[in-house]
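Participant: Below is the structure, and that's it, no one-letter string:
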């Protein structure tokens, strides 16, 4: 089982940006924890971050055939990118959407999403744990329904 | 760590109701798996189901002081109960909301929620695993921030 | 053919409540007429009333396997109960929705319904006759399409 | 008791058009069944179909003084004709609106109606039976309240 | 100065239809008064009524080159006909819209209009006088700005 | 018959302000023409202009018992003043609303009105003639229905 | 004069729940103050609390004929219960709605109400005093218009 | 304790205007009753009425430092004045909003308010008693929380 | 391959009506060009125009079995006719919708359509060429997918 | 170059009102700074404040011909005054709108404006500097395009 | 005549992505067919694809002066890019928008477009033929109105 | 004081693009004027332009710690980029938003902004002067409140 982990815009600042909201854990910390957890479950992860919508689309397209699942924190593009939605549909790889914070306790525009109905599951509000729970959920789904996300 | 698990209306039919959507796992199966997982992490759960909004409010109120956290699948009341919202606020116990299916891939009225902004985290779309991931996330939060949900 | 007849909140006051709108027929009168009509057509009815949303959900769940059809006047819960909608879906028993008055000639909030698209038919505006017409329509449907509502 | 039955646009194709949705019963079949049912109850019906909004308005206007009641399946004009609404108000003949299918289980624009609040009752979802139930309901109303629809 | 007067659907019933709202004046009375008033001002009118949208479109098209102005009570088609709007634009004859009643004191759907912004003036609420005032206003406009409505 | 004529804000600039839209007729010209027309019909007018909402309210209140009718061009306050609406209701004097231009061919916010449903009639789009037509309509109404606007 | 006082969901926690918002006064304190005030004015109160919508409906129905007025803090059900609205209409007992806090200074969904237009008066924002003022207002109304709320 | 009582537009007509809605009590009567009640509680009131938004703003500004509380029936300006809202915020004097009638049982535009969330409490629907209850509530608040509205 | 070409209301004026918007090409010119193009591709067209919604419905119904495809410029009825939509569904003949102008660069109500989702393709903005491109596209579709539009 | 500076309602309290939001600078200070800045650039200002909408309209009207430009902080009237909009249009003097605070970081109703599209420029969020920047911008515009605002 | 053909995000996957919706034709096939068709008409095309919004903006800007027309399938950016809209306006090259599928038969968010009103024509629903028809339409327009799109 | 100046998409065409709207000043001209003005006030600017959302995000992130303030004309991304909003929040550098034109006098979608409530000030409508005024305002703010934007 190979999983592609994608971090959307501004997540490269994690640990520095608004620490009272996002904590001091860095993106490297999260990637390390994901790598360990995947390994414990006999899987592997590859982690990428980008601030560019087009680059994220390129990465998702390339996941087709190369990965069994996709774990994505689309950040700001959750709310504005039909292109990432279409890439997810085109890639045909089951995806799980995660957020560090509970987006429903924030500004109203963060309640809308172009991706929510094309991912298989969503996890939010648990800080860095959101990623780990999302990875666990994705692997569970891949094991119970390997052929059909 | 003691966690109260609440199942909302119609979840007592799980395993019989629309199996093509919800699978054949029963609520008792889920409760067993939650009990095991809690025990592995040195915690315990108590599980209750009700079709009555008022009864769920009573149960949430009673959680105050008796439980460290709350894991709730509010089902239909997600979309219509301000009373459960107020009870969660009044109880002051950190709560995690879970759903078997991805509600954003269903009817539009299931996209609205009176609870989403007063819970600490949300997990959905992983079938019975949603509960286990939600429990893990809740316990993670209780350990890192024991004093403040 | 066995039909469960459900009367929602405040219908127990029929004949007393706003008689200029609802007439002086009582709920017992209606139940008597439904019993006779069912008997004429070789069917039977069981009639229940409740002001409690949860109780109505319990009754609908119990109809699964015990009744061939369901005749329901959901009254106020028409407009606010996703729980009754989910119970109807879970029970899998064909249901017909009836109203004494024409709800579209009343307040705008009575024009919305959580049930309208999950029932097989709707009858409204004929006073007590709405129930009898609804029963006839339900029995017609059960005879022509016994296997599929 | 004389009742005018009006069939709106495209109903002339009944039995041919989308049979998986509307069945194989033709409009002539329905008219025959309405004639028999009316006769059983000591009443009579006259049946007309038109694809033209203006023609339907002409027919409704002519019903004033000539008929005791009106049974109408306005089809597409349900959602777009204020002219038919005004004709119903002007004719002052009590009218019942019927639909073969449950319009609330179809496209959203079929949920709106210019007629719903000016008819005395509505029946929908029972296929050809919708007409018969509507006729019964109309005759019931005419007998209990002969002077005032 | 030649003016075409167009009466929309259901106005043929004037004097009979809802007399408490529309009074007992008939359409023939109105046409007579318009003929007299036009004659006093050295103009002439031709009056037509139709319940058919298509017929009204035909009549408006034919006004091009044959009439100097158009006085129209579009009745129900005010709110639903883009075709009449387009015909008015295509005919290029200055038009005045009149209503017997004040449509803004009636149902909300009567407040919207597909014609209001393509006519030169509107008069409403004065019963039969609305037509006479509309004719006066139209003739005033034609005299002061003969070349450009 | 005594009629109070009220001109709302910015109408004092008539003849200077945006002449390509409003023409070169001044408010004094309009008042002169209204005085003549009233006199021809055996009535009289008193004309007042104010830019102040409160002053217009004072004037309308004072019309109670002192005038038989009210002719008002509320200008900008059409769209923003509930106070003038309430004053019209309190004064109980039948009012006609006039506008120089067709407000429905202008900005969308000019399509809404707090007054439209409490006046007896509306005239718009005829330039200065709008006032004269409005006066005629008001006097017609006062003569046919002297006791009840 | 007998008044039924109804406290809606979560009010049983008063004094414990969010004390920074609701103060430390308990529901028993409020009931005591209402009893004294009623007694001073020669009236009596009976006080009930429930978290169950159906139970509140039952209680309101039973007030018919047994009480002269109703003082209700519907709490969360203010915003979601058509059933309580219908019960108030059916009972025909004049009701006053009270809230401890000013609901218009809170979340937008608390600004909507199914009850506001069927009660005779509303009092909010004065903490426990809201109940006493509401009782005073209700008694004032019952004395001035004993026969018609 | 000194309280400024402000009456908004058209309230000067109280007793004459729409007596079937507002009764025959005059504003002077209300002011007398407020004076007595204040005196009973060891407080005093000063009462002012104006139809002018700007004047009401001037009066509210002048209350700063001169009065302990403000009792205001903003009437029509409730729905249209941001200026009065800003004046209340600027004055920093705790204010209570009162209405003679239940505005939620009237036109929809009366349900919106620019003031509701900046006053401490609201009382409506009790006729002249609304003022007295509002004064009582305001004095209660001033006594329990003298330093902070 | 036989194609029915339908021109909706006001298109009979083409070449005369608003030439600055629609050019000087007449409908006869367009029909000639369509006839030639069809003939070049071994197909034939029959061209009809009507201002009457009912007549267009009649024509579409008659296309069933008589034509292989339908090319329609519904003009004003695009935005107001559910009847034409239903006729297209009932006829079951693949249809292409064309417009002379780009409707999205015009009034907002021209952006909505009752037909857009039931036609197979749309072409707009190319003047008379829109028809020829639409015919080409329709013939392409009929050749590649002869059995299923 | 002569510029009229207008301060809207409640700005007379500047320096006292909500100092944590608006600072301690008074209106007199601002007027002094504007006078100096204008003088440095060879221009002059006249400064006026009013809480009255009508008075502001009077002042704007009087600016026609007397001033070259207008600098206005309409405060609360930004959101509610069509009258001031119309006065700006009527006066035909180029206007710049300024606000002390960034209105888009405040309540939603402050995001709407009746003036934004009729002024030439807007400056907000810089406290007292907003006025000075607005004056500079206005003078820049007057110099580059003296004849056309 | 030189035409720039732009393919938006995810179109590089054509032929692989959701073949049941988009068929098996690849982008290279489409480019070949466009090249041939252009050549038949004495024109030429240059074809580019990008998943990056910024890159598409760069390409459109560069078309200014280098190409006579633009054929664009903006795909997902149709619904989210104001930047591409502005680039089209800035480039001043007439553009035609094409889509493989009929976007109006898909999700609601695909019905909105930031480009629809700034292109000269739109073609959709014909699969790969949409491009060829769009090219034909563009060349027709360029020939008839070479100077002004 | 170091200020980063960011120009969004299509601004590189300034001076060429739609000169009737944007003038003939080029971006280089603006950058020169900003450099001079900054230097006069003892500050410096660095100016960058990009058509790529991701690149603008990268630049804003890099401003953290490197610049004291940010002057940004986000152009099209004003209305569509949550990513730039998040970058501004993450960078924590006070930002001023400028526009050449008054966006409120243009298309409605230009009235919405994802940035307006996270910048400290906004300046628009003054052409190239908007930038200079924005720089002045930013420097004023930085001097008066050096530690807290």
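Facilitator: The structure has been received and is ready for your questions. As the structure is a prediction and not an experimental result, all values here were calculated from the model.

Participant: C-alpha only now, for contacts and for neighbours.
Facilitator: OK.

Participant: what's near enough to touch the residue minimising distance to the centre of chain A?
Facilitator: By Cα atoms, centre = their mean, chain A has its centre lying nearest to residue A:72, at 1.5 Å. By Cα atoms under 8 Å, 6 or more residues apart in numbering or on different chains, the contact list for residue A:72 reads A:5-8, A:95-98.

Participant: Was I right to think residue A:127 contacts residue A:73?
Facilitator: No: the pair residue A:127 / residue A:73 is not scored as a contact, 11.7 Å apart, by Cα atoms under 8 Å.

Participant: Which one of those two is surrounded by more residues?
Facilitator: Set residue A:127 next to residue A:73 and count neighbours by other Cα atoms under 10 Å in any protein chain shown: residue A:73 wins out with 24 against 21.

Participant: Could you confirm whether any residue of stretch A:47-60 contacts chain L?
Facilitator: Yes: using Cα under 8 Å from any Cα of the partner chain, stretch A:47-60 reaches chain L at A:51-53.

Participant: Can you list the buried residues in that stretch?
Facilitator: For stretch A:47-60, burial by neighbour count (16 or more other Cα atoms under 10 Å in any protein chain shown) applies to A:47, A:49-60.

Participant: Adding distance to residue B:37, write the residues you listed out as CSV.
Facilitator: Putting the buried residues of stretch A:47-60 into CSV (distance: Cα to Cα, whole Å) gives the following:
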residue, distance to residue B:37
A:47, 29
A:49, 33
A:50, 36
A:51, 38
A:52, 40
A:53, 39
A:54, 41
A:55, 39
A:56, 36
A:57, 37
A:58, 39
A:59, 36
A:60, 34
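
Participant: so where do the helices sit in chain A?
Facilitator: Ranges of helices within chain A are A:19-22, A:27-40, A:53-63, A:82-91, A:129-144, based on DSSP state H.

Participant: Let me know which of those is tucked in deepest.
Facilitator: Among those, helix A:82-91 has the highest mean neighbour count (mean count of other Cα atoms under 10 Å in any protein chain shown), at a mean of 24.

Participant: Now do that helix and helix A:53-63, the angle between them.
Facilitator: Put simply, helix A:82-91 runs at 10 degrees to helix A:53-63, going by axes from the mean of the first three to the mean of the last three Cα atoms, to 10 degrees.

Participant: which stretches of chain A aren't confidently modelled?
Facilitator: Where chain A drops to pLDDT under 70, the residues are A:145-149.

Participant: By proximity to chain E, which residue of it wins?
Facilitator: Nearest residue of chain A to chain E: residue A:108, at 30.2 Å (Cα to the nearest Cα).

Participant: Near that residue, how many other residues are there?
Facilitator: By other Cα under 10 Å, the residues close to residue A:108 number 9.

Participant: Distance check, it against residue D:28.
Facilitator: 55 Å (Cα to Cα, to the nearest Å).

Participant: follow-up on the earlier one: please enumerate the shared neighbours of residue A:127 and residue A:73.
Facilitator: Taking Cα under 8 Å, 6+ apart as the criterion, residue A:127 and residue A:73 both touch residue A:99.

Participant: Identify the residues contacting residue A:91.
Facilitator: For residue A:91, the contact set (Cα under 8 Å, 6+ apart) comprises A:60-64, K:17.

Participant: who wins for neighbours among the contacts of residue A:72?
Facilitator: Most neighbours among the contacts of residue A:72, by other Cα under 10 Å: residue A:98, with 29 neighbours.

Participant: show me what contacts that residue?
Facilitator: By Cα under 8 Å, 6+ apart, the contact list for residue A:98 reads A:71-74, A:122-124, A:130-131, A:134.

Participant: Closest to residue K:42 out of those?
Facilitator: Of all those, residue A:74 has the smallest distance to residue K:42: 46.2 Å, by Cα to Cα.

Participant: Against chain F, how distant is the residue nearest to that closest one when sequence neighbours are not counted?
Facilitator: What sits nearest to residue A:74 in space, not counting adjacent residues and going by Cα to Cα, 6 or more residues apart in numbering or on different chains, is residue A:8, at 4.6 Å. Distance, residue A:8 to chain F, by Cα to the nearest Cα, to the nearest Å: 40 Å.

Participant: Let me know the distance separating residue A:8 from chain J.
Facilitator: 26 Å.

Participant: Also residue A:62?
Facilitator: 41 Å.

Participant: residue contacts, the closest residue in space to residue A:105 that isn't next to it in sequence?
Facilitator: Once flanking residues are discounted, residue A:105 sits nearest to residue B:117: 4.2 Å by Cα to Cα, 6+ apart. Counting by Cα under 8 Å, 6+ apart, residue B:117 makes contact with A:102, A:104-106.

Participant: Just read off the phi/psi values of residue B:117.
Facilitator: phi -90, psi 0 (degrees, to the nearest 10).

Participant: still on that earlier bit, which residues touch the residue nearest to residue A:74?
Facilitator: Neighbour list for residue A:8: A:49-51, A:56, A:72-77 [criterion: Cα under 8 Å, 6+ apart].

Participant: What is the nearest of the residues you listed to residue H:1?
Facilitator: Within those, the smallest distance to residue H:1 is 53.5 Å, found for residue A:76 (Cα to Cα).

Participant: What residues does the closest one make contact with?
Facilitator: Each residue near residue A:76 by Cα under 8 Å, 6+ apart is listed here: A:8-9, L:81-83, L:86.

Participant: From the residues you listed, pick the one nearest residue E:144.
Facilitator: Nearest to residue E:144 out of those is residue L:81 (Cα to Cα; 53.3 Å).

Participant: Verify the contact between the closest one and residue L:114 for me.
Facilitator: Yes: taking contacts as Cα under 8 Å, residue L:81 lies within contact range of residue L:114: 6.6 Å.

Participant: Mind checking which of these two has more residues around it?
Facilitator: residue L:81 (24 against 17).

Participant: Name the residues of chain A found near chain L, please.
Facilitator: Neighbours of chain L within chain A, by Cα under 8 Å from any Cα: A:9-10, A:13, A:17-18, A:51-53, A:75-77, A:79-80.

Participant: In chain A, what residue comes closest to chain C?
Facilitator: Of all residues in chain A, the one sitting closest to chain C is residue A:117 (20.3 Å; Cα to the nearest Cα).

Participant: Against residue B:102, how distant is that residue?
Facilitator: Residue A:117 sits 7 Å away from residue B:102, taking Cα to Cα as the criterion.

Participant: Repeat that for residue A:131.
Facilitator: If you go by Cα to Cα, the gap between residue A:131 and residue B:102 works out to 17 Å.

Participant: and what of residue A:63?
Facilitator: 23 Å.

Participant: Now flag whichever of the contacts of residue A:91 is closest to chain G.
Facilitator: Chain G has its nearest neighbour among the contacts of residue A:91 in residue A:60, at 39.0 Å by Cα to the nearest Cα.

Participant: Hmm, residue A:88 and the closest one touching each other?
Facilitator: Yes: counting by Cα under 8 Å, residue A:88 is a contact partner of residue A:60 at 6.6 Å.

Participant: so how far does stretch A:68-85 reach from one end to the other?
Facilitator: Taking Cα to Cα, stretch A:68-85 runs 18 Å from one end to the other.

Participant: got the contact list for residue A:130?
Facilitator: By Cα under 8 Å, 6+ apart, the neighbours of residue A:130 are A:98-100, A:123-124, B:137.

Participant: can you tell me which of those lies nearest to residue L:38?
Facilitator: Of all these, residue L:38 sits closest to residue A:100, with 40.2 Å by Cα to Cα.

Participant: how close does the residue of chain A positioned farthest from its centre get to residue A:75?
Facilitator: Residue farthest from the centre of chain A, counting by Cα atoms, centre = their mean, is residue A:20 at 22.0 Å. Going from residue A:20 to residue A:75 by Cα to Cα gives 18 Å.

Participant: Ok, residue A:47 next?
Facilitator: As judged by Cα to Cα, residue A:47 and residue A:75 stand 15 Å apart.

Participant: quick one, what contacts the residue nearest to residue A:113 when sequence neighbours are not counted?
Facilitator: Nearest in space to residue A:113, with sequence neighbours left out and distances taken as Cα to Cα, 6+ apart, is residue A:79 at 4.7 Å. Applying Cα under 8 Å, 6+ apart, one finds that residue A:79 lies in contact with A:109-110, A:112-114, L:82.
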